[in-house]
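> Using only what follows, build the 3D model:
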Amino acid sequence: MAFNFFQKISRAITGRSRVDDDTLDAIEEALIESDMGVDTTLKVIDNLEDRVARDKVVSFEELTGYLRDEISALLETGAPEALDLSKKPFVMLVVGVNGVGKTTTIGKLAAYFKGQGLKVILGAADTFRAAAVDQLDIWAERAGVDIVKQATGSDPASVAFDTVKAASARGADVVLIDTAGRLHNRVDLMNELTKIRNVCGKALPGAPHEVLLVLDASTGQNAFQQAKEFARATTISSLAVTKLDGTAKGGVVVGLTDMFHVPVRFIGTGEGLSDLHPFNREEFVKDLFNPEDLKK
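All right, here's what the predicted structure looks like:
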């Protein structure tokens, strides 16, 4: 992945003979432009100022090393624990706004878990949007997994309940429940999300075991607002960040992790069934600071 994140940083640093306030200001501007968020950016800049003041003379390589260390440390605070798939079935509730790639992410997750030899079942609880059930049905067929669905307009909580019960009866390992692509400022739909979560617990004590919020990296600061609103409606366990392709702003991943202390568990890099990957902090930071990107 070739992110434009560090290209902005390199332009802020290149050609400067020493690290002064102007240099730090340029780095600060580049971080904010990369959608890292103001609070996280100021935290990084404050730490950089301390290190520069302590070390006095700082080269370009040392400064980039400092930045790499700071970003790696921020991502480490939200490092996810492995999913406890010993819970049978493991129920994952997937939430997010329309257009972020939520249903597509569910299809990719189904293929990912099935590729690990697990039996997967999908729940089409996004019953508000006419095409949503059909869309998930297509993904279920592509991934080769079962799906529980009802007619458009059915009670979403009822679908979620039936899905969890069916998964238990069929000996499924993983349950992925789609929810309405609710607008995060719609109180009624956010309340529906809370209802779905409660119903899952009635069908299977302890469920859902994971609530995965899907966010679109290309929406920038709007992703932060969505995360805030969803966190008010339910406990978010982890994030999946989509559209992290060659034009995406990688800073949003750092900012989200730092602000919410919720781990990024998966990243989407394309439209293919296999274009979803477990988030790897070390590889992500390596890609951000790829020397080859500095030449572009």
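> Just the strands from the protein, written as ranges.
Ranges of strands in the chain, per DSSP state E, are 90-95, 120-124, 146-148, 174-178, 210-216, 238-242, 264-268, 276-278.
> looking at those strands, which is closest to Leu63?
Smallest distance to Leu63 across the strands of the chain (C-beta to C-beta): 25.6 Å, for strand 264-268. All C-beta atoms are positioned from the backbone trio N, CA, C, and that covers glycine.
> which other helices and strands contact that closest one?
helix 102-115, strand 238-242, helix 251-260, strand 276-278 (3 or more C-beta pairs under 8 Å, 6 or more residues apart in numbering; DSSP states H and E).
> what's the closest of the ones you listed to Ala180?
helix 102-115 (9.6 Å).
> so where's the stretch 101-250 of the chain shaky on pLDDT?
The model of the stretch 101-250 of the chain has pLDDT under 70 over residues 182-187, 189-190, 245-249.
> Now do the helices in it.
Ranges of helices within the stretch 101-250 of the chain are 102-115, 130-143, 156-170, 187-203, 221-233, based on DSSP state H, counting those that start in this stretch.
> Tell me which of the ones you listed sits most buried.
Neighbour counts (mean count of other C-beta atoms under 10 Å) averaged over each of the helices of the stretch 101-250 of the chain peak at helix 102-115, with a mean of 23.
> Quick one: work out the angle between that one and strand 174-178.
Helix 102-115 runs at 170 degrees relative to strand 174-178, counting by axes from the mean of the first three to the mean of the last three C-alpha atoms, to 10 degrees.
> sorry, back to before: could I get the strands of the chain as JSON lines with distance to Ser72 and mean neighbour count?
Shown next, in JSON lines, are the strands of the chain (distance: least, C-beta to C-beta, whole Å; neighbours: other C-beta atoms under 10 Å):
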{"stretch": "strand 90-95", "distance to Ser72": "27", "mean neighbour count": "25"}
{"stretch": "strand 120-124", "distance to Ser72": "33", "mean neighbour count": "28"}
{"stretch": "strand 146-148", "distance to Ser72": "39", "mean neighbour count": "20"}
{"stretch": "strand 174-178", "distance to Ser72": "30", "mean neighbour count": "29"}
{"stretch": "strand 210-216", "distance to Ser72": "21", "mean neighbour count": "24"}
{"stretch": "strand 238-242", "distance to Ser72": "17", "mean neighbour count": "25"}
{"stretch": "strand 264-268", "distance to Ser72": "14", "mean neighbour count": "23"}
{"stretch": "strand 276-278", "distance to Ser72": "17", "mean neighbour count": "17"}
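> The helices and strands packed on strand 264-268 into TSV, with extra columns for distance to Asp35?
As requested, the helices and strands packed on strand 264-268 are exported to TSV (distance: least, C-beta to C-beta, whole Å):
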stretch	distance to Asp35
helix 102-115	20
strand 238-242	11
helix 251-260	4
strand 276-278	20
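> Of all these, which one is nearest Val174?
Nearest of the helices and strands packed on strand 264-268 (C-beta to C-beta): helix 102-115, 4.7 Å.
> In contact with Ser72, which residues?
Taking C-beta atoms under 8 Å, 6 or more residues apart in numbering, we find Ser72 in contact with 281-282, 285.
> Filter these down to the buried ones and hand me the PyMOL line.
Burial among these is assessed by 16 or more other C-beta atoms under 10 Å; the matching PyMOL selection reads:
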select buried, resi 281+285
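> Looking at the contacts of Ser72, which one is closest to Ala125?
Taking C-beta to C-beta as the measure, Ala125 lies nearest Arg281 of those, at 31.5 Å.
> show me the contacts for the nearest residue to that closest one once chain neighbours are set aside.
Spatial nearest neighbour of Arg281, chain neighbours left out: Leu75 (4.7 Å); criterion: C-beta to C-beta, 6 or more residues apart in numbering. Applying C-beta under 8 Å, 6+ apart to Leu75 gives the contacts 253-254, 257, 264, 281, 284-285.
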